[in-house]
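J.: Here is the input, now give the coordinates:
(one chain, ligands or ions: 2)
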Amino acid sequence: MRTQVAIIGAGPAGLLLGHLLRAEGIDCVVLERQTGDYVLGRIRAGVLEQITVDLMARLGLDQRLKAEGLVENGFNLADGERLIRIDIKGLTGKNVVVYGQTEVTRDLMDAAPARGLEVIYQAGDVALHDIESDAPYVTYTSDGVEKRIDARFIVGCDGYHGPSRKAIPASASQEFERVYPFGWLGILADVPPCMNELIYANHERGFALASMRSHTRSRYYVDVPLTETIENWSDDRIWDELAIRLGPDAAAGITRGPSIEKSIAPLRSYVFAPMRHGSLLLCGDAAHIVPPTGAKGLNLAASDVHYAAEALTSFFKRGDHDAIPGYSAKALARVWKAERFSWSLTKLMHRFPEDGPFERAMQVAELDYVASSVAAQTSIAENYVGLPI
Ligand code: FAS
Ligand code: PHB
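T.: Ligands and ions are numbered 1, 2, ... in the order given. Model prediction:
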C-alpha cells in the first residue's frame, strides 16, 4: 500500500490528525495495535480546552460534544476547610468543557468510514523503516501476514509505549523526565457529581480530585503510593477517603455507588525532543507526558496535531517545504508551558513524601497568595483554559 501519511496509533491524536488530513484531501492511513473497543475502554481525560473543542467543530464532529459536554466556568482548589474558586470565565473570558476522552475518541472513530479515513485495527508488530529518507515505510502484521505501507511521512501518535519515539536515535534526541512518587487511583461511578465544578484538594492525607463525565456520572481520584494496588482499595475505602480529603462541604454532596471502572495511573512529567526526525513526526503522548493535575494531556495532543496538520498541509498542498522543519519547535513551545503548569499545580496540590514542614509552609503560603490575588488566579486560569496556539 502507498499513502502520503502513515499514522501510528488510533487514540485521540492519531484519529484527530487523520480526520484533519482527510478534510484537506491528503491520503493517510491509521494503524492501531488494539481493537476499537479496547481503545474506547480506556478511561482517561475528562476536560477539553477550547482549542480541542474548536478542532472537533472545524471537522463538524462536535454535535454530541455540544449536546452532552458540560461547560465549566470555574474550578476549585480545596485546602482543608478552605475552597478557593478560580473563576476561569470571569478572568479569561474562556471556559473548558467536560466531555470524556472516550467520547471524543468515539466521535472520531464513528465518523472515520464516512470521511474516507482508513483505520487498520489489530495491526501487530508495527515497525518504522527509513525514517531519515524521503521514502519511509511501515511494516506490520495483520491476520499473521506481514504488510507494508510506503508513505512520504510517518506520524507517531502511538502514546508513551509505542515504537515511534524509539525509532529516533538517542544521539539525535534528548529526554527530560520527572517521575512522581505517587499515582492517581481513579474511580468512575454512575452517581451525580458532588459539585457542579471540579475540586482539586490538598489534604494532610493526600490529594483528591472530584470531576465528572455528566450530571449522572462522576469521576474521582485520590493519590496513592506507587506501591499500592487496586486490590487494596474497595469502593467503600475510596468513598471514605474522598469524603475526608475533599472536605465537609464536598463530602456532603457525595453520592456513593458501585465503581464501573477503577484504575491506578502513575504520574510523570516527560518530554522528548525534537518531535521530528527526518520524515517522522511525533504527536501527543508519543512525545510528552504530563501529570493529569492540569488536565493537559489530551489537549496537548490536540495542539500537536493542529501544528502537524498545518505543516503537512503546507507541504502537500502548497509545496512549502519549510513548514515541516518548523513543526517541532512550534509544538514544543506550547508543550513546555503546559509541562510547567502541570508540574507546578502538582507540586502545589500534592504532599510529597520527601517534603518537610518548610515545603508544606510554602504550599500554604502559595494558596494564601492565590486566595488573595486576582493576578495569581488569572495566571492559573489562563493556563487551565489553555494558552493560545
Ligand atoms: P494514546 O496513548 O491515547 O493513544 C495511543 C494509541 O497508540 C493507543 O490507542 C495505542 O493502542 C496505540 N499504540 C501503541 N503502541 C502501538 C503500536 N505498536 N502499534 C500501533 N498502535 C499502537 N490526561 C488528562 O488530561 N487527564 C487525565 O485524567 C488523564 N488520565 C490518564 C490515565 C492514563 C492511565 C493514561 C495512560 C493517560 C492519561 N491521561 C490523562 C493522558 C491521556 O489522556 C493522553 O494525554 C492522551 O491519551 C493522549 O492521546 P494520544 O497521544 O493519542 O495517546
Ligand atoms: C477527569 O475528569 O478525568 C480529569 C479532570 C481534570 C483533571 C484530570 C482528570 O485535571
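J.: in the helix ranked longest in the chain, what counts as buried?
T.: What stands out as the longest helix in the chain, according to DSSP state H, is helix 323-349. Neighbour-count burial for helix 323-349 flags 323-324, 327-328, 330-332, 334-335, 338-339, 341-349 (criterion: 16 or more other C-beta atoms under 10 Å). For glycine as for every other residue, the C-beta is placed from the backbone atoms N, C-alpha and C.
J.: before we move on, what about stretch 48-59?
T.: 48-53, 55-56, 59.
J.: What segments of this structure are helices?
T.: 12-23, 36-41, 50-58, 63-68, 88-92, 101-111, 235-246, 248-253, 297-318, 323-349, 357-372, 374-384.
J.: so which of the ones you listed comes closest to residue 226?
T.: For the helices of the chain, proximity to residue 226 was assessed by C-beta to C-beta; helix 323-349 is nearest, at 14.6 Å.
J.: Check which helices and strands that closest one sits against.
T.: Using 3 or more C-beta pairs under 8 Å, 6 or more residues apart in numbering; DSSP states H and E, the elements in contact with helix 323-349 are strand 199-203, strand 259-273, strand 276-277, strand 280-282, helix 297-318, helix 357-372, helix 374-384.
J.: any chance of these in JSON lines, with mean neighbour count, distance to ligand 2 and mean pLDDT too?
T.: Putting the helices and strands packed on helix 323-349 into JSON lines (neighbours: other C-beta atoms under 10 Å; distance: least, C-beta to the nearest ligand atom, whole Å; pLDDT from 0 to 100) gives the following:
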{"stretch": "strand 199-203", "mean neighbour count": "23", "distance to ligand 2": "7", "mean pLDDT": "97"}
{"stretch": "strand 259-273", "mean neighbour count": "17", "distance to ligand 2": "10", "mean pLDDT": "97"}
{"stretch": "strand 276-277", "mean neighbour count": "22", "distance to ligand 2": "28", "mean pLDDT": "98"}
{"stretch": "strand 280-282", "mean neighbour count": "29", "distance to ligand 2": "23", "mean pLDDT": "98"}
{"stretch": "helix 297-318", "mean neighbour count": "23", "distance to ligand 2": "8", "mean pLDDT": "98"}
{"stretch": "helix 357-372", "mean neighbour count": "13", "distance to ligand 2": "17", "mean pLDDT": "97"}
{"stretch": "helix 374-384", "mean neighbour count": "18", "distance to ligand 2": "9", "mean pLDDT": "98"}
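J.: Any chance of a markdown table for these, columns distance to ligand 1?
T.: Output for these, formatted as a markdown table (distance: least, C-beta to the nearest ligand atom, whole Å):
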| stretch | distance to ligand 1 |
| --- | --- |
| strand 199-203 | 12 |
| strand 259-273 | 4 |
| strand 276-277 | 16 |
| strand 280-282 | 9 |
| helix 297-318 | 3 |
| helix 357-372 | 21 |
| helix 374-384 | 11 |
